[in-house]
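A.B. asks: what would the 3D arrangement of this be:
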Amino acid sequence: MEKLSQALASKISHFQKRLQSFLENDFDPNSEEHERMRKEFESSRDSALVRGISQGLPEDHIDRAIVVFSRLAMVFEAGVLLENNDGEWKAQAAFSKGITELLKNPSKATIKIPSVNLMTVLKTDAYSMLQKLNLNHLDPENKTACLLIKVSPDFALLLFSDLPDLWLKEHTENVRRALINGFAD
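C.D. replies: Numbering: from 1, shown residues only. Down below sits the predicted model:
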């Protein structure tokens with residue numbers, strides 16, 4: 001049992017190091033540049049940008065999930081990358097208004113998600129999902145819809161959009177197609 005615990009801890013530590021290397025920013029997160037980017041951010045529905053989510057991805061499935069997640073930061077207001085740990089899904093990273101960050105240990109709450117097929121899109125209440133994850137700051141005005149997409153057995157995405165349903169449906173389908181292309185083996 002102890003060897004299993006050590007192996008699991010090693011796997012998590014390795015994943016966190018890889019995630020951090022992908023998501024590190026070149027500037028101080030409290031800088032004026034960071035604030036300017038947040039204020040000026042507007043998510044894109046550009047179909048070419050959405051298709052680009054799945055292009056030139058790494059072979060490794062962990063690296064692939066991380067790269068795809070960071071690219072989604074341009075097409076949604078906010079998002080959370082969840083990692084499966086024996087049916088408990090732990091938030092590992094988040095983005096808001098184009099800025100991606102690795103979540104630190106205290107904020108890494110776990111949730112259970114419904115058993116769904118890969119690439120199935122479920123729409124749920126954003127407020128309750130963010131509250132369970134202690135990430136309410138991703139949608140402080142409670143104006144977004146939450147989409148849950150399980151992209152692999154190990155990773156799921158929570159994506160938050162303030163698009164009206166009329167546009168959200170088409171945007172979601174375009175993103176889903178890009179994710180299918182990106183994760184098809």
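A.B. asks: hey, let's count contacts and neighbours off CA atoms from now on
C.D. replies: Fine.
A.B. asks: what number of residues lie near Leu72?
C.D. replies: By the criterion of other Cα atoms under 10 Å, Leu72 has 24 neighbours.
A.B. asks: which residue packs closest to it, ignoring adjacent ones?
C.D. replies: Ile53 (7.0 Å; Cα to Cα, 6 or more residues apart in numbering).
A.B. asks: hmm, the one you found is touching Leu179, no?
C.D. replies: Yes. Ile53 is in contact with Leu179 according to Cα atoms under 8 Å; the separation is 7.4 Å.
A.B. asks: show the contacting residues for the residue nearest to Leu72.
C.D. replies: Counting by Cα atoms under 8 Å, 6 or more residues apart in numbering, Ile53 touches 68, 71-72, 178-179, 182.
A.B. asks: and Val121, what does it touch?
C.D. replies: When contacts are counted by Cα under 8 Å, 6+ apart, Val121 is found next to 147-150, 176.
A.B. asks: out of the residues you listed, who's nearest Thr120?
C.D. replies: Ranked by distance to Thr120 (Cα to Cα), the contacts of Val121 are led by Ile149 at 5.9 Å.
A.B. asks: report the contact partners of that closest one.
C.D. replies: Contacts for Ile149 (Cα under 8 Å, 6+ apart) come out as 118-122, 156-158.
A.B. asks: mind doing that once more with 6 Å?
C.D. replies: Counting by Cα atoms under 6 Å, 6 or more residues apart in numbering, Ile149 touches 119-121, 156-157.
A.B. asks: list only buried entries from these.
C.D. replies: Among these, the ones that count as buried by 16 or more other Cα atoms under 10 Å are 119, 121, 156-157.
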